[in-house]
Each structure stands twice: as structure tokens, then as C-alpha cells.
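> Here is the input, now give the coordinates:
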Amino acid sequence: MEVIADPFMSYLQVELPLGLEALELPCQEKRVGLVIVDEENGFCTVGAGNLAPKESSKAITHMVNQTDHLAKQFSARSWPILATLDTHEIDKPEHPFPPHCIVGTGEENLVPELAWLENDPNATLMRKDCINPFVGAIRDDGSNLFIDWIRDNKIQQILVVGICTDICVLDLVVTALSARNHGILKPLEDVFVYSEGCATYDLPNDVAKTIPKALPHPQGLTHYMGLYFAKSRGGHVVNKVTFSESAQ
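Residues are numbered from 1 along each chain as shown. Here you go, the predicted structure:
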């Protein structure tokens, strides 16, 4: 994770250390799945919509590159991949956010670097219409696609990447951990969050002041806090992922 020369960030890193780990897969020979959260045009492609970056973001570019590498490693091993895609109908707003990722605009589609997942036999694409991917996985009949994906693939561990670290990614992590603890997400045991494969948006305080009802959202700080709260709820935060030779 990038070290930012900021006094408050330095304070957080000292007072709220993440204790980052390295992860070698498969871990303890358990079945693992990759979860990619909302790496789509409406959040990642410059100028693609109300919540897309206004200019190129190193953090988002790095996230996408890391995700592409991981996804290809998983696919080559025929390991399961789940990609969530924020997707909204124009007449169903998601407060407090402005309209975004509307059906048919292209914002709701995977970024070009990950579009290959649409035809990958190991990948499941899941469209959701709310911030929390776990809640967004609930079907009309009350069943849950995320729960079914875990169960059907016998997944014991998930590795999570995506955007935004402190919003949709965090919501998925804490809900999955709660569901696991409650016994409704068997056989899931562990949730890993890859810090280098996550990112969030940047909205400096001086800019936020010019937008009605907007809250400041410094990218580095909110990314760090998202990781911290994921770990505080029982997730494992890792900053390096490698694959054992026996996992070919």
C-alpha cells in the first residue's frame, strides 16, 4: 500500500496499525474464490458518469491491474470468480448518491481490462441495485446468489478486491463475516481483503464544500479506514498475494 506523506495518515498508521499479511494460495489447502466488487465503468473509467473519476487515478488504475492479474491466475486454475456490478433502473434512485450505473448507459459494465470475464467459464457476474453486495444478491424469490455461489462451489475462503474500499467492499466483508458467524454462509471460514486490489474515490474538503450535502472523502485516508474496519470485524487484510507451484 502506498505510503502517504500526511501527518494524519502517519498518526493512523501508528495508532491503528493494520498488521498487513502476505497470502499464499491455496491457503491451508482450502477452496478459495475471488470476489471482485464493482470494477465497472461508472466507478472506474474517467468521465463515465456522475460517480466516475474526473481524471486519471493511480489508485484505481493500480486496483484494476492487480485485479486483472489475480483474476487470470484464478481462471487459469479453474477457481471460482464472482464479479458484482452496481446496476440501477433510472426510476429507482439510491440515496444519497446521484444517478449512476443506469441500465443501458454502459456505466454498469465491467471496465475494458476485465471485460474478458463476461465469457470466462469460471466467472459469475452478479448485478446488484444497492450498496451492499450481499443484500443486492437477494433474488425476487428470497434466495441469495452470493450464498448459493459460496455453497455450490464449496468455498471456504474468499479473497475480496474492488471499489470502494470503505463502502461496497466494506459492506460485503462485514456482512459476509456476520453471515458466517450466524451460520448461514457455510462452508465459508475466512475473508481476505487485498489492499492493493482495492481503491476508493477522492473528494477533497474544499471541493466537497461546493457540492450540496456532500461529505469530504480523502482517498488515502478513507481507503485505509475501510481496510481497518474490515480487519476490526474479523477479516484478514493482505498486501501481497502469491500462488504456490502446486496450485497450477
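
> if I look at residue 78, how far off is residue 109?
25 Å (CB to CB, to the nearest Å). For glycine as for every other residue, the C-beta is placed from the backbone atoms N, C-alpha and C.

> okay, those two: which has more neighbours?
residue 109 (19 against 8; other CB atoms under 10 Å).

> What is the longest helix of this protein by residue count?
The single longest helix within the chain, with elements called by DSSP state H, is helix 58-76.

> Spatially nearest residue to the most centrally placed residue in the chain (excluding sequence neighbours)?
The centroid of the chain falls nearest to residue 162 when counting by CA atoms, centre = their mean (2.7 Å). Spatial nearest neighbour of residue 162, chain neighbours left out: residue 37 (2.8 Å); criterion: CB to CB, 6 or more residues apart in numbering.

> The lowest-mean-pLDDT helix or strand in the chain: what's the following helix or strand?
Least confident helix or strand, the chain: helix 205-208 with a mean of 86, by mean pLDDT, DSSP states H and E. For helix 205-208, the following helix or strand on the C-terminal side (DSSP states H and E) is helix 219-232.

> Check which helices and strands that next one sits against.
Here helix 219-232 touches helix 7-15, helix 170-181, strand 190-199, strand 236-243, going by 3 or more CB pairs under 8 Å, 6 or more residues apart in numbering; DSSP states H and E.

> Give the pairing partners of the shortest one; include direction for each.
If I follow you right, that is strand 236-243. Strand 236-243 has its sheet partners listed here by DSSP bridges as strand 21-25 (parallel), strand 190-199 (parallel).

> Minimum distance to residue 102: which of the ones you listed has it?
strand 190-199 (22.2 Å; CB to CB).

> Redo the helices and strands packed on helix 219-232 as CSV? Include mean pLDDT.
Listed next are the helices and strands packed on helix 219-232 as CSV, based on pLDDT from 0 to 100:
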stretch, mean pLDDT
helix 7-15, 91
helix 170-181, 98
strand 190-199, 98
strand 236-243, 98
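
> For residue 122, find the nearest of these.
Going by CB to CB, the one of the helices and strands packed on helix 219-232 nearest residue 122 is strand 236-243, 14.9 Å.

> Need the contact partners of that closest one.
Strand 236-243 has contacts (CB atoms under 8 Å, 6 or more residues apart in numbering) with 1, 18-25, 70, 73, 77, 159, 190-197, 227, 230-231.

> Filter the residues you listed down to the buried ones and express that as a ChimeraX selection.
Selection of buried members from the contacts of strand 236-243 for ChimeraX, criterion 16 or more other CB atoms under 10 Å:
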select :1,18,23,25,70,73,159,190,191,192,193,194,195,196,197,227,230,231
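
> sorry, back to before: let's see the least confident helix or strand of the chain as CSV, backbone CA atoms only.
Extracted C-alpha coordinates of helix 205-208, given in CSV (Å, rounded to 0.1, in the frame of the first residue of the first chain):
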residue,chain,number,x,y,z
ASN,A,205,-12.8,19.0,1.6
ASP,A,206,-12.5,22.2,-0.4
VAL,A,207,-14.4,20.6,-3.3
ALA,A,208,-16.9,18.9,-1.1
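
> Now that helix: buried residues?
Residues of helix 205-208 classed as buried by neighbour count (16+ other CB under 10 Å): none.

> Pull the distance from that helix to the chain's centre.
Here helix 205-208 is found 25 Å from its chain centre; the criterion is CA atoms, centre = their mean, to the nearest Å.

> same question, stretch 173-181
Offset of stretch 173-181 from its chain centre (CA atoms, centre = their mean): 15 Å.
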